[in-house]
Structures are given as structure tokens and as C-alpha cells.
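Chemist: quick check, what structure comes out for this input:
(one chain, ligands or ions: 1)
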Amino acid sequence: MTEVQAYGTIYEALGGGETVRRIVEAFYPRVKRHPLLGPLFPDNIEPVMEKQYMFLSQFFGGPSLYSDRYGHPMMRARHLPFPVTPKRAEAWLGCMAEALEEAGVDEELREIVLTRLSGPAYHFVNTEDDPT
Ligand code: HEM
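Modeler: Numbering: from 1, shown residues only. I've put the predicted structure just below:
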């Protein structure tokens, strides 16, 4: 592990906002195509991408773009209108794993990022999987 990864922020280790942008751009086309995730999202995905860029920049330890614009993230509350099931959390993380790879993030850092995101993803679960 390099010193940056041991002591710096994920944002720095990724190489800053440009990489966060590439991750978001690789992520949402996958989300839209995913049968469990796609139907939850609006046709015009651009505004969601912009918010996610701002949120992830801040979540990874970069500039507080999201809070500066929208106030306290309250991310679990913002997800309550949508049925987030354990399978959807898993699917979301799967799309993110592929997006990180497409964005050229190396494997060790991909693992760190996914571990960091899996806490919130499962925390946002607000209903159980449909048993059918
Ligand atoms: C666990 C599975 C997840 C599902 C199914 C999900 C789904 C959604 C949906 C449907 C929206 C609303 C899109 C719209 O504006 O109409 C949304 C917004 C958002 N999600 Fe998620 N999400 C998940 C996990 C996450 C995680 C782990 C993060 C980040 C740690 C995240 C960050 C965001 C952000 C930043 C927004 C925009 C919030 C805003 O409107 O200001 N989501 N998500």
C-alpha cells in the first residue's frame, strides 16, 4: 500500500475529481440497464449524475460540493421514497465494481472504495426483497 492510500483520502488516491467523474459516467449507464435498478431512475439521468459526482467527491474526502449546494446529505432519508432492497444494494455495488474497473481504478483501491460504499448501500435498505 502506498503512503497516499494509507494516510490520504480516497479522493486523492483516485486522482481527484476527474476520476470521480469517470466513475459516475461509467456507473449510470449500467444502473439504467440493470433490471432491478433501472426502473427506479428517471429517463433524464444527467441531474442524478451531477448530484452523485458532487456527493461522491465529498464522501471520498474531496471538496464538500454536495453539502455546499444541498445542505446535509441525509442520504438514507433521501432514499426512503424508493424501495431499496438487499438485492438492489448488491446490484448497486455490482454496477459500481464494474464502473471502477472501467474508470481504470487499480484493484487494491477498487476494494477500498467498494468496502467504503457497502456500509451506506446496506444502510439504505428500507424494505425486504420481494420473495417471488
Ligand atoms: C443501495 C442501493 C441504492 C439504490 C437502489 C439507490 C437508488 C437511488 C434512487 C432511485 C435515487 C433517486 C434518483 C432521482 O433523483 O430520481 C438515488 C439518488 C441518489 N443516490 Fe442512491 N441508491 C442506492 C445507493 C446509494 C449509495 C450507496 C449512495 C452513495 C453512498 C447513493 C447516492 C445517491 C445520491 C447522492 C443521490 C442523489 C440524491 C439527491 O437527490 O440529492 N445511493 N439513489
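Chemist: can you tell me the closest non-neighbouring residue to residue 45?
Modeler: Once flanking residues are discounted, residue 45 sits nearest to residue 28: 5.1 Å by CB to CB, 6 or more residues apart in numbering. For every residue, glycine as well, the C-beta is placed using N, CA and C.
Chemist: list the contacts of that neighbour.
Modeler: Counting by CB atoms under 8 Å, 6 or more residues apart in numbering, residue 28 makes contact with 41, 45, 48-49, 52.
Chemist: repeat that for 7 Å
Modeler: Residue 28 makes contact with 45, 48-49, according to CB atoms under 7 Å, 6 or more residues apart in numbering.
Chemist: of the residues you listed, closest to residue 119?
Modeler: residue 48 (21.1 Å; CB to CB).
Chemist: quick check: that closest one vs the ligand, distance?
Modeler: 5 Å (CB to the nearest ligand atom, to the nearest Å).
Chemist: that residue contacts residue 37, doesn't it?
Modeler: No. In this structure, residue 48 is not within contact of residue 37 by CB atoms under 7 Å, at 11.5 Å.
Chemist: between the two, which one's more packed in?
Modeler: The neighbour comparison of residue 48 against residue 37 (other CB atoms under 10 Å) goes to residue 37, with 20 against 15.
Chemist: and for the closest residue to the more buried one other than its chain neighbours, the neighbour number?
Modeler: In this structure, residue 37 finds its nearest non-sequential neighbour in residue 31, 4.8 Å apart by CB to CB, 6+ apart. Applying other CB under 10 Å, we find 21 residues neighbouring residue 31.
Chemist: CA atoms of the helix or strand hosting residue 31 as CSV?
Modeler: Using DSSP states H and E, residue 31 falls within helix 17-33. Taking Å, rounded to 0.1, in the frame of the first residue of the first chain, the C-alpha atoms of helix 17-33 are listed here in CSV:
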residue,chain,number,x,y,z
GLY,A,17,-12.5,14.9,-9.4
GLU,A,18,-11.6,13.8,-13.0
THR,A,19,-11.6,10.2,-11.9
VAL,A,20,-14.8,10.6,-9.8
ARG,A,21,-16.4,12.0,-13.0
ARG,A,22,-15.3,9.0,-15.0
ILE,A,23,-16.6,6.6,-12.3
VAL,A,24,-20.0,8.3,-12.4
GLU,A,25,-20.1,8.2,-16.2
ALA,A,26,-19.3,4.5,-16.2
PHE,A,27,-21.8,3.8,-13.4
TYR,A,28,-25.1,5.2,-14.5
PRO,A,29,-25.4,3.5,-17.9
ARG,A,30,-25.0,0.2,-16.0
VAL,A,31,-27.6,1.3,-13.4
LYS,A,32,-30.0,2.2,-16.2
ARG,A,33,-29.6,-1.1,-17.9
